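Trainee: Pasted the sequence and its predicted model underneath.
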Amino acid sequence: MTNPTPHSAPDAAELLRAAQKVPHARVTKLKHNGARYWIKRAEVTPLRFRLQKGNGAVAFRREVARLKTFAAKGVPVPSVLAETPDMIVLADVGKPLTRLARRATADEFQHVLSLAAVALAQLHTMGVSHGRPRLRDICWNRAEIRFVDLEAGARLTASRLRQARDLLVFLHSIFQNDPDISACADGALEAYGGADHGQIIPLARRMARWIRPVAFLATPLIRRDRKRSKPNSELVALADLLDFLS
């Protein structure tokens, strides 16, 4: 997903014409003039699912507005290069950390994960929350970290509780992604702490203590998943996270 740097800014109208030729999908890769972009379209929500998932077109417009307002504040998110009411073309921002976890060496991945932790702390210092900073929603292009897929929980003016939740989601994703990289959580938390000007880590630890009684009720399911060595178990990752923060 690493994007060659174009010599000049892409023309929006030209990008839209190229995007219109790509087969319709929710998210699609676009190669144009030697550079890589991403097309994102509004989700078409059947009427019977709208009560559960909401109106896809409305959600899409909100997402586009969030991207623009976050970018304007200096948050490292993909640039919206072209748009229509139901489609946007985004700049490529590199590989998601989930892919790097499978391909990089342990030392390389620890380095990038630490950079991601610092970037998250800096985002929080700006007063912002991402909403769901999982490894698949954080990208690296060998130069910088960028955050993608801003969720409904994303806030330009966020409470410390939302930021602590961000940190918990980030750490939980490390434990859930692959047991082989869970050892990286120590380095990631240390890197976050070095840039944690809002004292978010103590609050995240407190939130973990609040969650523990609820997690205790899931003990039989956690034991079942451990016994089966269920990959990417959210419950096992939660138990490991709570132990890590205790």
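Mentor: Done, it's in. Numbering: from 1, shown residues only.
Trainee: Now do the contacts for the residue lying closest to Leu235 once chain neighbours are set aside.
Mentor: Distances taken as CB to CB, 6 or more residues apart in numbering place Ile222 nearest to Leu235, at 4.8 Å, with adjacent residues excluded. To be clear about C-beta, it is placed using only N, CA and C from the backbone, and glycine gets the same treatment. For Ile222, the contacting residues are 215, 233, 235-236, 238-239, by CB atoms under 8 Å, 6 or more residues apart in numbering.
Trainee: Which pair in these has the greatest spatial separation?
Mentor: Greatest spatial distance among the contacts of Ile222 (CB to CB): Ala215 and Ser233, at 12.6 Å.
Trainee: so where do the strands sit in the protein?
Mentor: Applying DSSP state E to the chain gives strands spanning 27-32, 35-41, 80-84, 87-91, 95-96, 138-140, 145-147.
Trainee: Pick the most buried one from those strands.
Mentor: strand 138-140 (a mean of 27; mean count of other CB atoms under 10 Å).
Trainee: Which of the strands of the chain sits closest to His111?
Mentor: With CB to CB as the measure, strand 138-140 is the member of these nearest His111 (9.7 Å).
Trainee: residue ranges with poor pLDDT in this protein?
Mentor: 1-9, 45-54, 179-180 (pLDDT under 70).
Trainee: Next, the buried residues of stretch 149-168.
Mentor: 149-150, 154-155, 158, 162-168 (16 or more other CB atoms under 10 Å).
Trainee: More neighbours: Ala215 and Ser233, which one.
Mentor: Ser233 (19 against 16; other CB atoms under 10 Å).
Trainee: Please report the distance of the more buried one from Cys184.
Mentor: Remark: distance between Ser233 and Cys184 (CB to CB, to the nearest Å) = 18 Å.
Trainee: surely Ala195 meets Gln122?
Mentor: Yes. Using CB atoms under 8 Å, Ala195 is in contact with Gln122, at 5.8 Å.
Trainee: what's around Leu189, how many residues?
Mentor: Other residues close to Leu189 by other CB under 10 Å number 21.
Trainee: swap that for Pro85, please
Mentor: With other CB under 10 Å as criterion, Pro85 counts 10.
Trainee: just Asn232 next, same as before
Mentor: Around Asn232 there are 12 residues (other CB under 10 Å).
Trainee: Can you tell me the closest non-neighbouring residue to it?
Mentor: Closest to Asn232 by CB to CB, 6+ apart is Gln176, at 5.5 Å.
Trainee: Surely the one you found touches Pro231?
Mentor: No. In this structure, Gln176 is not within contact of Pro231 by CB under 8 Å, at 9.3 Å.
Trainee: Between these two, point out the one with more neighbours.
Mentor: Gln176 (21 against 11).
Trainee: List the contacts of the more buried one.
Mentor: 232-234, 236-237.
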